[in-house]
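Chemist: fold the following for me, if possible:
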Amino acid sequence: MDVQIPVEEEIIDLAEFLKTFGDPTRLRILFLLRNGELGVQAIGDALGLHQTTVSHQLKLLRHLRLLRYRKEGRGVFYALNDSHIEQILEIGMQHIQEQI
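Modeler: Next up is the predicted model:
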């Protein structure tokens, strides 16, 4: 059997990427953004989180390229970066629901 394992750098990047999905707050933000673009205040209000908590998590999600953002005046609006993120969330939920 010829199994190809990615190079070490790719393994490390993938581990960091998947680790992001291990935080409930980040997952709530990602699921919320499946419905479309939102600002920091709207995300905090919807999830009952302080703006500093939301901003910290958004910075991390943006750094890992899970989110994109745009500035409008003084506001910043966030959205899922691409359809892959939504697919990962959907596949994860399908897996969890199959286990129930």
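Chemist: distance-wise, check I96 relative to P24.
Modeler: Separation of I96 from P24 (CB to CB, to the nearest Å): 13 Å. All C-beta spots, glycine's among them, are computed from the backbone N, C-alpha and C.
Chemist: please name the nearest non-neighbouring residue to G44.
Modeler: Leaving aside its chain neighbours, G44 sits nearest to V54 (4.5 Å; criterion: CB to CB, 6 or more residues apart in numbering).
Chemist: now for the helix ranked longest in the chain, which elements pack on it?
Modeler: Of all segments of type helix in the chain, defined using DSSP state H, the longest is helix 83-99. Under the contact criterion of 3 or more CB pairs under 8 Å, 6 or more residues apart in numbering; DSSP states H and E, helix 83-99 touches helix 24-33.
Chemist: please confirm that F77 is located within a helix.
Modeler: No. The assignment for F77 (DSSP: H, G, I helix; E, B strand; the rest coil) gives strand, which keeps it out of a helix.
Chemist: what about it, how many neighbours?
Modeler: F77: 16 surrounding residues under other CB atoms under 10 Å.
Chemist: what residue lies at the spatial centre of this protein?
Modeler: With distances taken as CA atoms, centre = their mean, the residue of the chain nearest its centroid is L30 (4.4 Å).
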